[in-house]
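Trainee: Sequence and predicted structure, then a few things I'm wondering about:
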Amino acid sequence: MGDNHQQTIKTHNTVVAILSIAGVGAILESATQGWEFWMPPVIIAGVVGAGWMHVTQKGTARFREDFYLIFSMFIAFFHGVHKSSFFDLYIVAALLMAVAALIKRIDFMRLIFIEFMVLIATQIVMAKRDKVVFDSMTISRVLLHVISMVCLYIVLKTIVEKILESNSAVDKLENTIRSNDHDMEDFLVNLSHELRTPINVINGLTDLILKRERREDIQTIKNAGLRISHQIEDIQDYSEIQRHNVIIENERYMITSLLNDVLIGYNTLRDKIDLDFVVDLDPEVPSVMKGDMKKIQKIISHLLDNAFKFTRVGGACLKITAYKKDYGVNLIIEVSDTGVGLSQKDLSRITKGIYQADKKRDRSTGGIGLGLSVVLGLVRSMDGFVKIESQKNMGTTVRISIFQEVIDPSPCMSINTSSFINVVIYNWLNRYEVPGLGLMYKNMSENLARGLRHNLFFASNIDDFKKLIARGDITHAFVGDVEYEHDRDYFENELDKGIVLSITAEEDYVAKKDTRAIIIRKPVYGMSIVQVLNGTTNGNVVSFEENFEKPDLEGIRALVVDDEPMNLVVATGLFKEYKMIIDTADSGMEALDKFGRNEYDVIFMDHMMPQMDGVEAMKRIRSAAERDGKKVAIVALTANAVSGAKEMFLREGFDGFISKPIIISDFERVMQRVVTEGKAGNRGGKR
């Protein structure tokens with residue numbers, strides 16, 4: 001539609017230019033020939049009016065075309081009724097005919113042809129009245145003009161008809177393609193919805209098994225299930241983006257909670273453990289903002305997935321900052337990698353939205369994967385901006401800017417002590433194959449120190465480290481596992497015991513049992529470092545997952561309603577891990593019956609059920625609760641997770657929304673809110 005509009009404007013530019021030239025010509029000829037004095041002002045007014053209509057795009061395109069052509073015929077008629085214009089008629093008519101053909105108006109071509117014939121006849125009548133002698137030369141010239149106009153009309157009419165037929169065929173083809181795309185999108189949405197139920201069972205059962213025993217084969221199945229569920233979400237997101245049906249769900253969220261979910265997903269799905277991951281969160285980012293947390297999480301996850309997918313050596317860095325504005329903040333999300341990068345041709349294709357780097361499944365070719373189309377669509381739906389910088393074999397940086405409302409402007413990370421803190425970081429610069437990776441770690445450390453307002457020093461070898469320690473004012477030392485193992489005796493026996501020692505290491509790193517060092521699991525995240533600086537670590541191993549308090553749900557009486565038996569098994573197993581008291585119902589009617597005979601604090605309600613769907617069941621239970629003076633929270637637990645589903649369920653009267661497959665962090669967040677806000681009942685067995 002946009003291309004057609006631009007083409008119409010270009011065509012009208014030409015038409016208005018020709019109309020203006022014709023108007024000026026008619027005015028000049030009127031002045032030199034002494035024609036009617038009142039006509040030049042009328043022509044000037046018409047030309048100015050045509051220009052104004054074109055510039056302001058007043059009215060529809062067809063209305064403007066009618067005005068241009070009618071006014072042009074008016075000028076032609078004014079010119080043609082004068083005796084001195086007898087042999088100029090063909091030139092003016094041919095020009096008008098060409099203009100009408102340019103805008104594909106056969107109806108006006110016919111009118112112009114008729115006008116030409118009328119003016120020719122008028123000129124002949126006036127000539128005979130003035131007793132002009134028509135010799136053979138004059139007659140042949142008149143006949144030549146008439147025959148030429150007939151031929152010109154037939155040729156232009158045929159060309160325009162062919163163009164219109166071609167355009168009609170193209171329109172039909174485009175409508176067919178749009179219809180097929182729409183049908184395919186419907187199919188993909190329905191397919192993704194149907195796949196959520198078995199995937200929920202797979203993911204849930206593997207979670208239950210892994211809670212009892214750690215098995216590599218079960219972990220592999222779980223990872224595969226998670227990948228499929230993410231791909232299902234991509235199908236839904238892509239379909240909604242293509243249809244322009246993306247709905248933004250603005251809600252309060254903590255930036256640290258969002259980042260925690262991203263990191264959990266990263267640890268679960270990453271398959272290149274030899275690649276480093278640097279997390280650079282500016283401590284001054286507001287702790288609580290309002291926006292679409294789930295979509296922002298998807299954007300980050302897609303960018304990280306692409307970064308690691310096309311990086312063979314080094315790693316990637318996720319940097320999050322915020323620039324304060326009068327209306328809130330611009331949240332800046334930046335993902336950089338040390339991967340294969342993009343060529344200028346690739347970048348050009350990306351900006352046009354037609355790039356797909358992985359067409360041949362060749363991971364060595366470089367570029368950004370399929371998730372980019374989802375990223376661009378989601379960012380645009382939030383009125384954000386995307387900027388991509390890349391060089392072939394030099395890595396890629398994708399920068400996202402999204403406006404967010406600020407709820408709590410306090411810093412998301414801070415040091416809770418008035419004592420001075422001097423930190424030394426000890427890393428060998430030559431331990432990284434890619435220099436850019438060391439720079440990522442250095443920048444992260446400096447940004448964290450600047451935001452937390454503590455002193456920071458770097459040491460690239462053990463001698464430099466010892467010199468800094470000799471100053472006598474160092475309070476904390478952070479060293480890599482390789483550096484620690486190389487000089488373990490020094491760190492354990494000679495380093496001042498008053499200095500807090502921390503080792504950054506991968507998940508599989510095992511330190512000596514009697515070590516005094518605190519182990520910080522990678523990826524190194526600011527919250528883990530803040531725990532060390534604040535002295536609030538629980539034990540000598542710190543990871544980002546420890547920073548978030550799980551809800552206390554012991555004794556909560558819950559009813560799970562679902563017509564799929566395996567979903568009941570999964571939900572029951574997962575919720576029992578929180579020491580909740582679980583009952584089940586396989587239909588809305590059974591749920592209503594059980595609610596009348598039992599006390600529940602919370603009901604988890606499926607949506608798509610036969611006979612009585614979840615919405616109707618929820619409303620009937622609400623009515624029964626009000627009648628019986630009961631208090632219960634009802635949470636939608638459904639595979640209907642299209643954009644805007646959450647808003648729809650909350651608008652219908654549900655207290656919360658959890659999509660299938662169940663994501664534990666979503667479940668905990670909803671339950672924390674339900675319990676905290678007192679929407680649940682009297683906490684059953686826990687008094």
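Mentor: Noted; the coordinates are in hand. Numbers count the residues shown, from 1 in each chain.
Trainee: Let me see the ranges of the helices in the stretch 151-300 of the chain.
Mentor: Using DSSP state H, counting those that start in this stretch, the helices found in the stretch 151-300 of the chain span residues 216-243, 255-269, 293-309.
Trainee: and the helix or strand hosting L437, what's its mean pLDDT?
Mentor: Applying DSSP states H and E as the criterion places L437 in helix 435-452. Averaging pLDDT along helix 435-452 yields 89.
Trainee: Please spell out which residues along it are buried.
Mentor: Judged by neighbour count using 16 or more other CB atoms under 10 Å, the buried positions of helix 435-452 are 437-442, 444-445, 447-449, 451-452. For glycine as for every other residue, the C-beta is placed from the backbone atoms N, C-alpha and C.
Trainee: cool, and stretch 33-48?
Mentor: 35, 39-40, 42-43, 46-47.
Trainee: Same question for stretch 210-222.
Mentor: 218, 221-222.
Trainee: How about stretch 196-209?
Mentor: Applying 16+ other CB under 10 Å to stretch 196-209 flags 196-197, 199-209 as buried.
Trainee: Could you do stretch 219-235 as well?
Mentor: Result for stretch 219-235 [16+ other CB under 10 Å]: buried residues 221-223, 225-226, 228-230, 232-235.
Trainee: Quick one: low-confidence residue ranges for the stretch 251-400 of the chain.
Mentor: Within the stretch 251-400 of the chain, the stretches with pLDDT under 70 are 267-273, 349-370.
Trainee: how about a cut-off of 50?
Mentor: 354-369 (pLDDT under 50).
Trainee: any idea where the strands of it begin and end?
Mentor: For the stretch 251-400 of the chain, strands defined by DSSP state E, counting those that start in this stretch occupy the ranges 251-254, 276-281, 286-291, 315-325, 328-337, 385-391, 395-411.
Trainee: Out of those, which is closest to S460?
Mentor: strand 276-281 (17.2 Å; CB to CB).
Trainee: What lies in contact with that closest one?
Mentor: 255-256, 259, 263, 266, 270, 304, 308, 314-320, 412-413, 432, 437, 440-441, 443-444, 447-448, 522-527 (CB atoms under 8 Å, 6 or more residues apart in numbering).
Trainee: Spatially central residue for this protein, please.
Mentor: Residue closest to the average C-alpha location in the chain (CA atoms, centre = their mean): L378, at 1.4 Å.
Trainee: got the contact list for that residue?
Mentor: 237, 241, 246, 295, 298-299.
Trainee: Reformat those as a markdown table; add distance to M382 and neighbour count.
Mentor: Below are the contacts of L378 laid out as a markdown table (distance: CB to CB, whole Å; neighbours: other CB atoms under 10 Å):
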| residue | distance to M382 | neighbour count |
| --- | --- | --- |
| D237 | 13 | 24 |
| I241 | 12 | 18 |
| V246 | 9 | 19 |
| K295 | 7 | 23 |
| K298 | 11 | 21 |
| I299 | 9 | 27 |
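Trainee: Return the member of the residues you listed nearest to A636.
Mentor: Distances from A636 to these, taken by CB to CB, are shortest for K295, at 18.9 Å.
Trainee: re earlier: in JSON lines: the buried residues of stretch 219-235, plus distance to A639 and pLDDT.
Mentor: Below are the buried residues of stretch 219-235 laid out as JSON lines (distance: CB to CB, whole Å; pLDDT from 0 to 100):
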{"residue": "I221", "distance to A639": "20", "pLDDT": "84"}
{"residue": "K222", "distance to A639": "19", "pLDDT": "80"}
{"residue": "N223", "distance to A639": "21", "pLDDT": "79"}
{"residue": "G225", "distance to A639": "14", "pLDDT": "81"}
{"residue": "L226", "distance to A639": "16", "pLDDT": "78"}
{"residue": "I228", "distance to A639": "13", "pLDDT": "80"}
{"residue": "S229", "distance to A639": "10", "pLDDT": "79"}
{"residue": "H230", "distance to A639": "15", "pLDDT": "77"}
{"residue": "I232", "distance to A639": "10", "pLDDT": "77"}
{"residue": "E233", "distance to A639": "11", "pLDDT": "78"}
{"residue": "D234", "distance to A639": "16", "pLDDT": "79"}
{"residue": "I235", "distance to A639": "13", "pLDDT": "76"}
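Trainee: in this structure, which ranges drop under the pLDDT threshold?
Mentor: Those would be 1, 354-369, 684-687, if you go by pLDDT under 50 across the chain.
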